[in-house]
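Q: Need coordinates for the following:
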Amino acid sequence: MGHRLHWAYCVFTLCLSAATEIRADEELWKLYVDRFQVYRRKGAFPEAEKAALAAIAEAEKSGAESELAASWNNLGALYYDTGRYADAEKQFLRALGRSDNQARAPEAMNNLGLVYLKTGRLKEAETLLLEVWTGREKASSPDQVQIAESLNSLAELYRTQGRYSDAESNQRRALAIWDKALGPDNPKTAIGLNNLGTMLTIQGRYPEAEQLYRKALDMDEKTLGNQHPSTGSTLCNLAELSRRIGRYDEAESLGRRAMAIQEKTLGPDHPDLANSLNNLAMVLRARRQYAQEEPLLIRALQIREKALGPNHTDTALSLNNLADVYRKESRHQEAEPLYRRALKIWEDALGPEHPTVAAGLNNLGDLLRRMGRYDEAIAAFQRASAIWEKTGDDSESASLATGLNNLAQAYADDQKFSEAEPVAKRAAAIDEKSRGPNDPELATALLTLAMIYHAEQRYAAAEPLYQHGLAILAKGPDSEGQAVTISMMNLAELYRVQGRNSEAESLYETLIPLEEKSLGPEHRQVCQTLYTLAELYRQENRFERAEPLYRRSLAIMEKDQTAESLALARALKTFATMLRRMKRKAEAIALEAQAKAILQGKPITASSKKIAR
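A: Prediction:
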């Protein structure tokens with residue numbers, strides 16, 4: 001029941017500056033620039049590109065260097081908007097190389113820094129963005145709106161670097177400047193609200209984030225329209241927040257609306273569309289619709305590899321999430337190379353001690369644990385926990401609790417209970433402090449500790465932890481999920497081994513329909529639960545209750561091509577023994593013959609196969 005750290009990438013709407021200062025003596029050039037601004041704001045990108053190219057042509061005719069630099073900067077901003085980052089970079093470099101206006105150079109430098117940031121060149125991005133911000137702050141007549149642009153850009157840089165406190169501080173300052181200088185209904189103010197909302201979402205501050213997103217969405221729809229790319233970005237972020245708090249229907253509706261807007265306005269190969277595809281896939285994952293999730297993630301990966309390159313951090317996220325699908329489907333050999341490739345990209349781009357690297361190690365460790373490679377899993381979890389402990393806002397961050405809990409599970413799976421117990425206790429204590437007493441992640445930590453005590457036969461210590469964890473999960477968004485069914489099964493088994501059969505039977509009866517709903521009526525785990533409950537009833541001579549359960553479990557075993565023949569033969573003989581006690585000798589003999597044939601590897605006759613009635 002390993003908890004995994006999942007995250008979905010949220011769109012950050014960054015402000016790229018286009019030319020705003022226009023020389024009055026170039027009327028035709030001015031007309032084209034005005035058209036560009038109008039079309040770009042509307043999200044009419046093909047028309048905006050035509051206007052930008054026409055402005056470049058006019059500037060080249062006049063030979064005015066400043067107008068030419070401004071025009072290239074405009075075209076670069078448009079290419080950035082549409083995900084053509086290599087083309088955007090060329091235009092910004094042109095603008096920098098030809099600008100004879102020192103006031104205009106920071107504009108192109110800031111935009112070039114954003115391209116570097118988007119394409120994973122963080123050191124180059126930081127150098128440029130800090131230089132622009134410092135220059136704007138120290139100017140003799142500082143332009144506060146331009147300072148806000150720099151603060152907004154730096155906030156995204158710090159977010160990418162995992163410096164969340166710095167990111168939030170810069171974002172709040174940028175938002176305050178825009179709100180005061182431009183007014184509460186300006187699109188840039190909406191951008192600031194959206195970006196701050198994403199910062200808060202990452203930190204789990206969902207009520208604050210939702211309020212900001214809804215305000216930004218209202219502003220976007222009023223000022224830009226309900227089909228604008230900025231509206232799509234805000235919808236995407238709001239959908240991701242809804243997913244995180246378990247409002248899956250709302251998340252899917254918002255996500256599909258965002259996708260429709262982005263595909264229409266940005267085209268089928270834009271990175272923003274990949275973000276929405278990824279986020280919708282996470283909704284389907286929460287519903288365990290893995291077959292529907294996989295093609296969305298594959299498409300998102302293809303878009304990101306094409307637009308951002310094979311070594312971009314967003315490409316790594318797609319690799320990681322696709323690996324998650326394969327892990328959940330027990331396609332471990334396919335999952336491992338994807339996890340390792342994602343981890344390598346993050347280490348190279350972000351450094352070996354970035355929180356995202358810790359998340360990648362955590363996910364790889366969980367796969368290795370499930371494959372029984374405990375030493376490798378433990379090493380991965382230890383490294384992840386060490387990174388989170390070092391880079392978190394404090395030494396007791398929620399992410400650290402995740403890593404410690406997974407480490408405890410790996411120790412327990414490897415029968416190292418003395419190592420597992422203190423780690424699990426610390427994870428539970430951190431979760432309760434950082435997330436609160438009713439958070440599902442706390443339930444996960446409590447249930448891990450319960451399983452450790454259970455394995456050590458410390459039943460009195462395990463029982464209240466199982467009950468507490470289940471009570472928390474029952475109130476959460478996944479009240480019938482795998483964590484619930486596994487913990488119910490463990491608690492029922494704890495009751496059974498203590499001879500508390502009536503309590504065990506009650507739990508098993510409740511558990512069966514939950515497992516059938518989540519796993520399917522013919523899943524191997526459903527078969528095991530049916531058989532275990534049948535055994536309890538048989539031991540109490542409640543044969544009429546046991547018989548239909550035996551028949552259902554045996555029918556599932558016969559259909560399961562991977563089921564062990566020895567287990568099926570034993571189950572048949574056990575059922576036959578009960579039938580003999582019920583004075584149904586002929587039926588018992590037929591089942592015994594079937595069991596004997598299985599053990600001897602002989603073909604089974606059609607008549608002997610008829611178990612379920």
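Q: and Asp478, which of the three is it?
A: Secondary structure state of Asp478, per DSSP: H, G, I helix; E, B strand; the rest coil, is coil.
Q: mind listing the helices for the stretch 401-550 of the chain?
A: Along the stretch 401-550 of the chain, counting by DSSP state H, counting those that start in this stretch, helices occupy 417-435, 440-455, 459-474, 482-497, 501-519, 524-539, 543-559.
Q: Need the ones you listed in CSV (columns: mean pLDDT).
A: Shown next, in CSV, are those (pLDDT from 0 to 100):
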stretch, mean pLDDT
helix 417-435, 92
helix 440-455, 93
helix 459-474, 95
helix 482-497, 92
helix 501-519, 93
helix 524-539, 94
helix 543-559, 94
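Q: okay if I get those helices as JSON lines plus distance to Asn362 and mean neighbour count?
A: For glycine as for every other residue, the C-beta is placed from the backbone atoms N, C-alpha and C. Listed next are the helices of the stretch 401-550 of the chain as JSON lines, based on distance: least, C-beta to C-beta, whole Å; neighbours: other C-beta atoms under 10 Å:
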{"stretch": "helix 417-435", "distance to Asn362": "13", "mean neighbour count": "20"}
{"stretch": "helix 440-455", "distance to Asn362": "13", "mean neighbour count": "25"}
{"stretch": "helix 459-474", "distance to Asn362": "20", "mean neighbour count": "18"}
{"stretch": "helix 482-497", "distance to Asn362": "17", "mean neighbour count": "20"}
{"stretch": "helix 501-519", "distance to Asn362": "24", "mean neighbour count": "17"}
{"stretch": "helix 524-539", "distance to Asn362": "25", "mean neighbour count": "20"}
{"stretch": "helix 543-559", "distance to Asn362": "34", "mean neighbour count": "19"}
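Q: Rebuild the ones you listed as JSON lines, extending it with distance to Glu334.
A: Below are these laid out as JSON lines (distance: least, C-beta to C-beta, whole Å):
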{"stretch": "helix 417-435", "distance to Glu334": "29"}
{"stretch": "helix 440-455", "distance to Glu334": "26"}
{"stretch": "helix 459-474", "distance to Glu334": "30"}
{"stretch": "helix 482-497", "distance to Glu334": "21"}
{"stretch": "helix 501-519", "distance to Glu334": "22"}
{"stretch": "helix 524-539", "distance to Glu334": "21"}
{"stretch": "helix 543-559", "distance to Glu334": "26"}
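Q: Pull the distance from stretch 235-243 to the chain's centre.
A: From the chain centre to the centre of stretch 235-243 is a distance of 12 Å (C-alpha atoms, centre = their mean, to the nearest Å).
Q: Kindly report the same for stretch 227-236.
A: Offset of stretch 227-236 from its chain centre (C-alpha atoms, centre = their mean): 20 Å.
Q: And it, what's buried?
A: Within stretch 227-236, the residues that count as buried by 16 or more other C-beta atoms under 10 Å are His228, Pro229, Ser230, Thr231, Gly232, Ser233, Thr234, Leu235, Cys236.
Q: Leaving out the residues flanking it, which one is nearest to the last one?
A: Just to be clear, that refers to Cys236. Leaving aside its sequence neighbours, Cys236 sits nearest to Ala258 (C-beta to C-beta, 6 or more residues apart in numbering; 4.1 Å).
Q: on contacts alone, who are the packing partners of the host helix or strand of the one you found?
A: Applying DSSP states H and E as the criterion places Ala258 in helix 248-266. In this structure, helix 248-266 makes packing contacts with helix 229-244, helix 271-286, judged by 3 or more C-beta pairs under 8 Å, 6 or more residues apart in numbering; DSSP states H and E.
Q: Please state the offset of the first one from the chain centre?
A: Meaning helix 229-244. With C-alpha atoms, centre = their mean, you get 14 Å for helix 229-244.
Q: could you dump that helix to PDB, C-alpha only?
A: What follows is helix 229-244, C-alpha atoms only, in PDB (Å, rounded to 0.1, in the frame of the first residue of the first chain):
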ATOM      1  CA  PRO A 229      -5.500  30.900 -24.600                       C
ATOM      2  CA  SER A 230      -5.200  32.700 -21.200                       C
ATOM      3  CA  THR A 231      -8.700  31.500 -20.300                       C
ATOM      4  CA  GLY A 232      -7.600  28.000 -21.300                       C
ATOM      5  CA  SER A 233      -4.500  28.300 -19.000                       C
ATOM      6  CA  THR A 234      -6.600  29.300 -16.000                       C
ATOM      7  CA  LEU A 235      -9.100  26.600 -16.700                       C
ATOM      8  CA  CYS A 236      -6.300  24.100 -16.800                       C
ATOM      9  CA  ASN A 237      -5.000  25.200 -13.500                       C
ATOM     10  CA  LEU A 238      -8.400  25.200 -11.800                       C
ATOM     11  CA  ALA A 239      -9.000  21.700 -13.200                       C
ATOM     12  CA  GLU A 240      -5.700  20.500 -11.600                       C
ATOM     13  CA  LEU A 241      -6.700  22.000  -8.300                       C
ATOM     14  CA  SER A 242     -10.100  20.300  -8.500                       C
ATOM     15  CA  ARG A 243      -8.400  17.000  -9.100                       C
ATOM     16  CA  ARG A 244      -6.100  17.400  -6.100                       C
END
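Q: now the angle from it to helix 248-266?
A: Interaxial angle of helix 229-244 relative to helix 248-266 (axes from the mean of the first three to the mean of the last three C-alpha atoms, to 10 degrees): 160 degrees.
Q: what do you get for the last one?
A: Taking the same axes, to 10 degrees, helix 271-286 and helix 248-266 form an angle of 160 degrees between their directions.
Q: where in this protein is pLDDT low?
A: Along the chain, the parts satisfying pLDDT under 70 run over 1-26, 98-104, 392-396, 561-564, 602-613.
Q: domain ranges for it?
A: As given by automatic domain parsing, the domain ranges for the chain are 224-351, 545-613.
Q: how about the helices of the stretch 101-250 of the chain, start to end?
A: For the stretch 101-250 of the chain, applying DSSP H, counting those that start in this stretch gives helices covering 105-118, 122-138, 144-160, 164-182, 187-202, 206-223, 229-244, 248-266.
Q: Same list (those helices) but as CSV, adding distance to Ala398.
A: Putting these into CSV (distance: least, C-beta to C-beta, whole Å) gives the following:
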stretch, distance to Ala398
helix 105-118, 26
helix 122-138, 25
helix 144-160, 17
helix 164-182, 12
helix 187-202, 11
helix 206-223, 13
helix 229-244, 13
helix 248-266, 21
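Q: most packed of those helices?
A: Greatest average neighbour count among the helices of the stretch 101-250 of the chain goes to helix 229-244 (a mean of 27), per mean count of other C-beta atoms under 10 Å.
Q: Can you tell me how far Tyr32 is from Ala69?
A: To Ala69, Tyr32 is 15 Å away according to C-beta to C-beta, to the nearest Å.
Q: Contacts only, for the closest residue in space to Gly135 that isn't next to it in sequence.
A: Closest residue to Gly135 apart from its sequence neighbours, by C-beta to C-beta, 6+ apart: Pro106 at 5.7 Å. Residues in contact with Pro106 (C-beta atoms under 8 Å, 6 or more residues apart in numbering) are Val132, Gly135, Arg136, Gln146.
Q: tell me which of these is nearest to Pro337?
A: Val132 (40.0 Å; C-beta to C-beta).
Q: Could I get the phi/psi values of His270?
A: Backbone torsions of His270, given as degrees, to the nearest 10, read phi -90, psi 140.
Q: Good, wrapping up.
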